[in-house]
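Enquirer: prediction below, plus the sequence it came from.
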Amino acid sequence: MVFMNAKNNLEPDAIENFNEIASRGSSSDVNVVVEMGRPATHFTEAAEKWSGVMRFLVKKNQEPVPSQAVMDLRGKPELSDLGSPAALQDFVDWAVQTYPAKRYMLVVWNHGQGWRFQLANDVGVRAASASRNQTTQKISAVDLQKAAENTAPLGGFRAVSFDQDTGNFLYNSDIQAVTEALSSRLKKPIDVIGFDACLMSMLETAYAFRNSSTMLVGSEELEPGAGWDYDYFLKRLLAKPSMTALELSRTIVDGYRARYGDSHSTTLSILDTPKATDAASAVSKFADVLIAKYDAEKSNIAQARSGMKTYGASAGMKTSVDLIGFAQRYASTTKDGEAKAAAEAVSAKASGIVLYNYASARSKKDTISNGIAIYFPASDQDFKSDPYHEGYIKTNTSHVVDFVSKERWADFLERNLR
């Protein structure tokens with residue numbers, strides 16, 4: 001089930017990804033269903049330049065055009081806002097009822113936190129590239145500002161799926177509610193939730209889906225506009241439809257690795273979502289220790305954090321770092337035995353969540369990418385510059401982040417950012 005929200009500047013990429021899916025199509029053993037949205041103001045004239053939302057059972061060599069859709073939602077405004085949880089809920093309910101299966105994967109395809117970077121050889125109108133590779137477009141401050149004006153002003157690492165026509169987007173908590181309702185309907189967790197979007201491989205995200213999915217596929221870093229290689233993994237899935245959730249997820253990551261290699265700052269990992277509970281507990285205990293020993297450990301915390309480059313930094317983001325990398329850096333810095341043990345416990349539990357991880361050589365060097373990130377602005381200024389930083393305030397009641405409300409990392413951040 002691919003929830004492909006291209007009602008924004010990713011429209012050309014959506015056409016390309018749909019064509020990749022259609023290069024393989026569905027089979028008697030595997031159904032691939034896509035809900036595609038295209039904007040009122042187009043970024044490409046391809047595929048008959050239609051606007052609105054269509055549902056497709058994708059068949060081999062099919063085109064994403066209205067005549068080949070199995071459902072046209074253009075006359076249903078309540079379902080054609082792809083920034084609405086009702087639209088996502090209706091799509092997944094329809095999919096499992098119409099095309100029942102033994103295993104399910106839901107892919108949320110769009111901007112993550114309002115961003116997705118573009119390479120110079122991408123087709124069509126794009127946001128500015130966040131890559132520093134010499135073969136790609138060079139970025140100026142003006143370019144970056146123009147790109148920001150054409151993408152959703154999101155942050156807080158708790159939102160995805162921006163609908164440019166309505167101005168709405170899905171919070172992670174919205175998707176969490178939808179997947180929990182779906183798993184309740186199925187009487188089991190969905191097998192895989194995937195985010196073909198930026199910056200979603202975080203402890204906070206895994207924690208949100210700990211009860212409704214068995215694993216999560218996502219990126220710590222920004223994703224290129226071209227995203228996942230659907231042809232690569234669908235070819236292998238159709239050849240072996242009995243793949244387990246882990247086998248399919250590994251194939252997705254392998255296809256992504258094959259597509260980007262070491263040419264860009266790219267990452268993709270598989271997280272064992274049920275293990276997020278234990279990892280979050282270790283982080284909470286670590287937070288307790290840091291708060292209790294804050295005056296003595298402040299400089300060690302700052303030293304460990306200052307050596308961490310944030311994800312999405314080239315797009316102006318300053319709030320997400322590799323969780324395992326920070327815990328290891330802090331453990332090697334502090335002289336306090338209790339604090340060191342708490343940090344090592346975080347590293348061990350967080351490492352246990354990461355079932356498989358790809359990080360380009362650049363990502364390994366720059367962001368110490370081990371597969372799972374956490375929200376950790378280095379300063380109060382960085383925190384407040386995040387448009388949705390309220391999501392990390394414990395008393396927030398709007399689109400509550402489960403991890404923030406139930407665990408104690410936010411309490412540590414509040415102490416650290418005073």
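Expert: Thanks, I have it. On a predicted model such as this, the values are computed, not experimentally measured, just so you know.
Enquirer: and stretch 350-366, what's buried?
Expert: 350-351, 353-360, 362-364, 366 (16 or more other C-beta atoms under 10 Å). (C-beta placed from N, C-alpha, C; glycine too.)
Enquirer: tell me which of these fall in helices.
Expert: Of the buried residues of stretch 350-366, the ones assigned to helices by DSSP state H are 350-351, 353, 362-364, 366.
Enquirer: pick out the most distant pair among those residues.
Expert: Across those, no pair lies farther apart than 353 and 362, at 23.3 Å, counting by C-beta to C-beta.
Enquirer: give me the distance between residue 224 and residue 244.
Expert: 28 Å (C-beta to C-beta, to the nearest Å).
Enquirer: where in this protein is the helix or strand with the lowest mean pLDDT?
Expert: helix 141-149 (a mean of 36; mean pLDDT, DSSP states H and E).
Enquirer: packing partners of the helix or strand following that helix?
Expert: Proceeding N to C from helix 141-149, the next assigned helix or strand is strand 159-163, under DSSP states H and E. Counting contacts by 3 or more C-beta pairs under 8 Å, 6 or more residues apart in numbering; DSSP states H and E, strand 159-163 is packed against strand 2-5, strand 168-171, helix 172-186.
Enquirer: dump those into CSV; add mean pLDDT, mean neighbour count and distance to residue 77 as well.
Expert: Conversion of those to CSV gives the following (pLDDT from 0 to 100; neighbours: other C-beta atoms under 10 Å; distance: least, C-beta to C-beta, whole Å):
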stretch, mean pLDDT, mean neighbour count, distance to residue 77
strand 2-5, 96, 27, 15
strand 168-171, 86, 23, 12
helix 172-186, 95, 20, 18
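Enquirer: for residue 278, find the nearest of the ones you listed.
Expert: helix 172-186 (18.8 Å).
Enquirer: picking up where we left off before, out of the helices and strands packed on strand 159-163, nearest to residue 315?
Expert: Checking the helices and strands packed on strand 159-163 against residue 315 by C-beta to C-beta gives strand 168-171 as the closest, at 16.5 Å.
Enquirer: show me where this structure has strands.
Expert: In the chain, the strands defined using DSSP state E lie at 2-5, 33-38, 52-57, 71-72, 105-109, 159-163, 168-171, 190-196, 213-218, 267-271, 320-322, 354-359, 373-375.
Enquirer: the fourth one pairs with which strands?
Expert: The reference is to strand 71-72. Strand pairing for strand 71-72, using DSSP bridges, gives strand 52-57 (antiparallel).
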